[in-house]
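# Any chance you could fold what I've pasted below:
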Amino acid sequence: MKKRIISFILAVSVAAMTAGCGLVGGPDAAKDRGVQTASEEKDVYKIGICQQMEHQALDSATKGFQDALIEKLGEEKVEFDYQNAQGEQTNCASIATKFVNSNVDLIMANATTSLQACAAATAEIPIVGTSVTDYVTAGVVESNEAPGRNVTGTSDLAPVDKQIELLLELVPDAKKAGILYCSSEANSVYQAEKAEEALKAENIEVERYTVADSNDIQQVVTKMSGSCDVIYIPTDNTIANNMEGVKNITVPAGIPVICGEENMCAVGGLATLSISYYNIGYNAGLMAYEILVNGKNPADMPIEYADEVTVKYNADVAAALGMKMPEDMIAIEREE
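Numbers count the residues shown, from 1 in each chain. I've put the predicted structure just below:
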């Protein structure tokens, strides 16, 4: 009898130890840490979307992301919690905290400030970014090739040097170029530095002009229009949201504006060499699918870049400036 009791106690102890080990490194542990494993099947995947602000480029990226996941999972198996931060950093932080408390399966962060807020809020929930120029500059990954954290995503970086080549082709007599961007957007600073290098390499005088927020734009653009022959604006969310105001100053002053992306150009620029924001959002959705369903680790997923760029121009602005555009350039089709 004593031997049977001892055997029973030993069996229970071994079972308890085995269960304990499962909590350390097995599938249950992954689930507890919010990590999806390849073998898990979920009825509905809950996705939090934090979009920095509302403008056409970011809206297109969000649409692409949602379309990709709906196509891969089926509409009935994915639930999106879309939140717009209205351009406020504090709102981004609050939204990120809400997603963490709701224990969403994955967060999509659209634009740099929202990505920084989400990365600060959790080191466990997978985060896929989009509409972000350089993830290292944003401070959310160890490298773009091997993120090393719970963050990966797609970049909206278009070749800045090619954009400057476009600027010089359209305004060959330019003596001074101005670069306009918001000083609080880290990725705009990155692009501005690249643009300045490219312009100086062509012996063009260049000056950077910054705004702290949208309230500064009118004054700064008016100053630029009085001293610059041409203006370059990178993919900057603050300026993108105020391109109508930029156009209302630069067009009457006869100053061409080269933009970092198509939607900005469609509102108030002359020309752009742009990527598709819908496409980078769609590709971010495919990355999210790999994480959710196939158990991919964001830390091992390199940042992805757009593989196509197009040269387009705003026909209305070109006409207002009295400029004849090259025949091989495509006019932007305006939505009615």
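
# For residue 311, list the residues it contacts.
When contacts are counted by CB atoms under 8 Å, 6 or more residues apart in numbering, residue 311 touches 166, 271-273, 328-330. Glycine gets a C-beta too; all of them are placed from N, C-alpha and C.

# Which pair of the residues you listed spans the longest distance?
272 and 328 (14.8 Å; CB to CB).

# Counting neighbours, go ahead and name the busier of those two.
Comparing residue 272 with residue 328 by other CB atoms under 10 Å, the one with more neighbours is residue 272, at 28 against 6.

# Looking at the more buried one now. What's its pLDDT?
On pLDDT, residue 272 comes in at 96.

# Repeat that for the one 3 residues further on.
Each residue has a pLDDT score; the one for residue 275 is 89.

# Quantify the burial of the residue lying closest to residue 140 once chain neighbours are set aside by counting its neighbouring residues.
Distance criterion CB to CB, 6 or more residues apart in numbering; nearest residue to residue 140, sequence neighbours excluded, is residue 119 at 4.3 Å. By other CB under 10 Å, the residues close to residue 119 number 22.

# Surely residue 119 and residue 128 touch.
No - using CB atoms under 8 Å, residue 119 is not in contact with residue 128, being 11.3 Å away.

# Between the two, which contacts overlap?
Common neighbours of residue 119 and residue 128 (criterion: CB under 8 Å, 6+ apart): 109, 151.

# Confirm residue 302 sits in a helix?
No - checked against DSSP: H, G, I helix; E, B strand; the rest coil, residue 302 lies outside a helix; its state is coil.

# Low-confidence ranges, the stretch 201-336 of the chain, go.
For the stretch 201-336 of the chain, residues meeting the criterion pLDDT under 70 lie at 334-336.

# go again using 50 as the cut-off
336 (pLDDT under 50).

# Helices along that one, start to end?
For the stretch 201-336 of the chain, the helices defined by DSSP state H, counting those that start in this stretch occupy 217-225, 237-240, 243-253, 262-268, 277-294, 315-321.

# Can you turn the buried part of the contacts of residue 311 into a ChimeraX selection?
Filtering the contacts of residue 311 down to the buried ones (16 or more other CB atoms under 10 Å) takes a single ChimeraX command:
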select :166,271,272,273,329
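
# now, which of the contacts of residue 311 sits nearest residue 79?
The closest of these, once distances to residue 79 are taken by CB to CB, is residue 272, at 35.3 Å.

# Okay, and residue 62 sits in which element?
Element membership for residue 62, per DSSP states H and E: helix 56-73.

# next one: phi and psi at the residue nearest in space to the middle of the chain?
With distances taken as CA atoms, centre = their mean, residue 131 lies nearest the centre of the chain, 1.8 Å away. Here is the backbone geometry of residue 131 (degrees, to the nearest 10): phi 60, psi 30.

# hang on, it packs against residue 108?
No - the pair residue 131 / residue 108 is not scored as a contact, 10.3 Å apart, by CB under 8 Å.

# So which of the helices of the stretch 201-336 of the chain is nearest residue 193?
Counting by CB to CB, residue 193 lies closest to helix 237-240 out of the helices of the stretch 201-336 of the chain; the figure is 16.5 Å.

# which secondary structure elements does that closest one contact?
In terms of contacts (3 or more CB pairs under 8 Å, 6 or more residues apart in numbering; DSSP states H and E), helix 237-240 is packed against strand 176-182, helix 262-268.

# Do you know the pLDDT at residue 42?
You'll see residue 42 listed with a pLDDT of 81.

# so it touches residue 104, yeah?
No - Residue 42 lies out of contact with residue 104 (CB under 8 Å); the separation is 11.9 Å.

# which one of the two has more residues nearby?
residue 104 (22 against 13).
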